[in-house]
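Visitor: test case, fold it:
(one chain, ligands or ions: 2)
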Amino acid sequence: ACSSKYVLSQMHPMWQGPLAVPGGDRQSPIDIVVRKSVLDTQLKPLVTDYDPKTCQQIWNNGYSFLVEYDDTSDKSTLKGGPLQDKFRLCQFHFHWGENNAWGSEHTLDRRLFPAELHLVHWNSDKYSLFEEAVMEENGLAVLGVFLKVGKRHEGLQKLVDALPAIRHKDSVVEFTRFDPACLLPTNTDDYWTYHGSLTTPPLTESVSWIIMKQHIEVSHDQLAVFRSLLFTSAEEEVQKSMVNNFRVQQPLRGRTVRSSFS
Ligand SMILES: NS(=O)(=O)c1ccc(C(=O)NCc2ccc(F)cc2)cc1
Ligand SMILES: [Zn+2]
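Guide: Ligands and ions are numbered 1, 2, ... in the order given. All right, here's what the predicted structure looks like:
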């Protein structure tokens, strides 16, 4: 899948560094100023077509935990919305805080959410590998969904139950038949979209971001299990809780955020 070669050597938990990015004028995440977003009537509804049989494994990469999908064929795809091409799902992961006050990467009018889901896809109409697409302007599409604390999310529980097995960095377990569509809000027609970057190194500016207006709810206890994960591997003497794995917000640099709704 797309991120098994996830290189984290240059990254540590509190990585928020001023890592210079060549011509970094479309970095992510950003604050979405709702009243400054521009309605684009050309934006289509999103079309997701995910096959749970392509789910392969769940692992702790030392920054978040990733659920990885077999992206060797167009079995789990995203199209429509702002996208001209078909994009293949390769993984999804989350960002969260040490408490429920913060944790998301994007914000809505500066409003922070306790966590944010990212479903990562790459343009399989134009490229043949994630690693290729990640270097290209139109290479990636990431669906962002805000999480709020409330009722227990039944679909998420299967994933939460697998986390204790991957507490430490670089631990992997088999994880199959998980339909990521269960993590999407009921309304996927209302979203904001803008051109940005990966929010972790190499920060490449190859992402069409699609941020859902409607959040999903997870329980306090489910989020607490996210926080029981560790940044550190089993060998390290000092264990560090995997929390606050989000990047600080980046300047808009004149970009326009479009909305699919008014
Ligand atoms: N938070 S986010 O959704 O913006 C995000 C999504 C994917 C990746 C990733 O795959 N990195 C590893 C990577 C990057 C480039 C490569 F060429 C190979 C692996 C990083 C951040
Ligand atoms: Zn992410």
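
Visitor: ok, which stretches of the chain are helices?
Guide: 130-133, 154-162, 220-227 (DSSP state H).

Visitor: against which helices or strands is the shortest one packed?
Guide: It stands for helix 130-133. strand 115-123 (3 or more Cβ pairs under 8 Å, 6 or more residues apart in numbering; DSSP states H and E). Every residue, glycine included, has its C-beta placed from N, CA and C.

Visitor: same thing with the second one?
Guide: Packing contacts for helix 154-162, counted by 3+ Cβ pairs under 8 Å, 6+ apart, involve helix 220-227.

Visitor: list the buried residues for the helix it packs on?
Guide: Of the residues in helix 220-227, 222, 223, 225, 226, 227 count as buried by neighbour count, 16 or more other Cβ atoms under 10 Å.

Visitor: my guess is the last one contacts residue 100, does it?
Guide: Which is residue 227. No: Residue 227 lies out of contact with residue 100 (Cβ atoms under 8 Å); the separation is 10.3 Å.

Visitor: before we move on, the earlier item: closest to residue 236 out of the helices of the chain?
Guide: helix 220-227 (18.0 Å; Cβ to Cβ).

Visitor: counting contacts, what elements does the closest one pack onto?
Guide: On a contact count with 3+ Cβ pairs under 8 Å, 6+ apart, helix 220-227 meets strand 87-96, strand 140-149, helix 154-162.

Visitor: now do the same for residue 122: its pLDDT.
Guide: At residue 122, the predicted lDDT confidence score is 98.

Visitor: with adjacent residues omitted, what lies nearest to it?
Guide: residue 133 (3.8 Å; Cβ to Cβ, 6 or more residues apart in numbering).

Visitor: equivalent analysis for residue 60, please.
Guide: residue 166 (4.3 Å).

Visitor: neighbours of the one you found, how many?
Guide: 21 (other Cβ atoms under 10 Å).
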